[in-house]
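Engineer: below: sequence and its predicted model.
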Amino acid sequence: MALQIIRNNIINVEADAIVNTANPEVGVGRGVDQAIYEAAGWDELLEAREKIGGMLPGEAAWTPAFNLHAKYIIHTVGPAWRGGSYGEREAVAKCYSRSLNLAAELGCESIAFPLIATGTYGFPKDEALRIAMSEISRFLLAHEMEVLLVVYDKESFEVSGKLFSDIKSFIGDREARCDAEYNSYRSLKAYGPPGASGSGVPESAVPRSKESKRPESSGRRGFLDRFRRAKNTEEFAERTLMEEAPSIDADYDLLADEEALEYDMSYSQIPMDAPELSEMSAPSYSKSYAPAFPSAEMSLDERLKHLDKTFQQYLFMLIDRRGLSDPDVYNKANIDRKHFSKIRSNVDYTPSKKTALALAIALELNIDETRDLLARAGIALSPSKTFDSIIEYCIETSNYDIYEINCILFKYDQPTLGV
């Protein structure tokens, strides 16, 4: 199945197996260990624990769960942090891997973990989180199981300080840019275009976004920009189209600019076996390969004949082009196999936003390709949403590790991707 991070008290979680950070000797420790004994039933659990005996750091054993909402308690012993030079990291990794394998042997379909050894044992929380994600994700590549990482409070959960500050800066920049664009809009609405006679607003006084200062894009994006500006001019037909269009792939729909989707879809209609555009005159192109996007003159029936690929069709086209298997995709997307099978079997499948983004992350789409995939499900990324800004930051920095992305989202109290 998949990994989910939740904020709760582990004794309240329902799962086939609950993991307890156990005392190495027979006896009740503090923190999670004490809470589990009290919830499960002190006497019964202590009696069962005595049958296991002493345990070393990294070992795992099980007992019945008694009064907990579970079938089993898996007891594992974390190491006390002594600076990291005494095998502490390796011991924590064993706690996760052995607990997961033991749960698989017991036939469990779900398991809930605390963040092992980060309480009274003092293991650094960011390192413990990284180890947990690594061991759990490795296990899920070969097993079907729902894994819950249960965090008791916000202070118990840490993300790398640098990553945290970088994301805060990115979100702050996005918010400032939105404010500037909004102020610019208000000024234009109230006073007219900057510099216009009687407007009262000099051009220099109107805030401009960073995007307005960017040089013109090259490649596909630049071609699209020039297409938008010159699409009705003879110059476009004679120069831009004839000189540049041959370098654009026939499957131009990968461009993925949500704002210019209509032009993208027009080019996706060009037949794969069409003659080289450089050998065609402008008039012959306009007659034989005119853009198929609906025009104002088209009837509703005609418009409906020109619908482009659905989300599901486009998704599996991308998967095929990348040579990926289904397990490659649903494992990287943190989606369980049954859910992915539903997507494959339904051409009209409409995903939730977090599922669509999880699939975009699994396919390692760039930001334009991501917007295109989302648009086919009627979904957009908003510059005013924290969730969307975090996703854009991760994509733009080529961070396609969905478990790390989910840690970031969780830190900011946002829904996580996948499950």
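Structural biologist: Arrived safely, thanks for sending. Numbering: from 1, shown residues only.
Engineer: point out where the chain drops to low pLDDT.
Structural biologist: In the predicted model of the chain, residues 1, 153-298, 302-307, 419 satisfy pLDDT under 70.
Engineer: how's it carved up into domains?
Structural biologist: 3-156, 161-213, 219-304, 311-411 (automatic domain parsing).
Engineer: ok, and the closest non-adjacent residue to Gly29?
Structural biologist: Nearest-residue entry for Gly29: Asn23, 3.7 Å, with adjacent residues in sequence omitted and distances by CB to CB, 6 or more residues apart in numbering. Every residue, glycine included, has its C-beta placed from N, CA and C.
Engineer: ok, Gln312 next?
Structural biologist: Tyr349 (4.6 Å).
Engineer: cool, and Leu318?
Structural biologist: Leu363 (5.6 Å).
Engineer: look up how far Phe410 lies from Ile6.
Structural biologist: With distances taken as CB to CB, to the nearest Å, Ile6 is found 9 Å from Phe410.
Engineer: brain fart, Tyr121
Structural biologist: According to CB to CB, Tyr121 stands 22 Å off from Phe410.
Engineer: swap in Pro57?
Structural biologist: Pro57 is 27 Å from Phe410, where distance means CB to CB.
Engineer: likewise Glu109?
Structural biologist: 23 Å.
Engineer: quick one: which of the two has more around it?
Structural biologist: Neighbour totals were compared for Glu109 and Phe410, and Phe410 leads with 21 against 13 (other CB atoms under 10 Å).
Engineer: and the helix or strand containing the more buried one, what does it pack against?
Structural biologist: Assessed by DSSP states H and E, Phe410 sits inside helix 402-411. If you count contacts as 3 or more CB pairs under 8 Å, 6 or more residues apart in numbering; DSSP states H and E, helix 402-411 packs onto strand 3-7, helix 125-140, helix 161-191, helix 353-362, helix 386-396.
Engineer: and the residue nearest to Ile391 when sequence neighbours are not counted, how far from Asp372?
Structural biologist: Excluding the flanking residues, the one nearest Ile391 by CB to CB, 6+ apart is Leu357, at 5.7 Å. Look at Leu357 and Asp372: by CB to CB, they are 13 Å apart.
Engineer: stretch 104-112: which residues count as buried?
Structural biologist: Ala104, Cys108, Ser110, Ile111, Ala112 (16 or more other CB atoms under 10 Å).
Engineer: what's the answer for stretch 42-55, then?
Structural biologist: Neighbour counts over stretch 42-55 (16+ other CB under 10 Å) mark Leu45, Ala48, Arg49, Met55 as buried.
Engineer: count of residues packed around the nearest residue to the first one once chain neighbours are set aside?
Structural biologist: Read it as Leu45. Nearest residue to Leu45, sequence neighbours excluded (CB to CB, 6+ apart): Tyr37, at 5.4 Å. Using other CB under 10 Å, Tyr37 has 24 other residues around it.
Engineer: report all helices and strands that whichever strand or helix holds Tyr37 contacts.
Structural biologist: In this structure, Tyr37 sits in helix 32-40 according to DSSP H and E. If you count contacts as 3+ CB pairs under 8 Å, 6+ apart, helix 32-40 packs onto strand 17-21, helix 42-52.
Engineer: same thing but at 6 Å, please
Structural biologist: strand 17-21 (3 or more CB pairs under 6 Å, 6 or more residues apart in numbering; DSSP states H and E).
Engineer: same for the strand it packs on, what does it pack against?
Structural biologist: Strand 17-21 is packed against helix 32-40, strand 72-76, strand 110-113, with contacts defined by 3+ CB pairs under 6 Å, 6+ apart.
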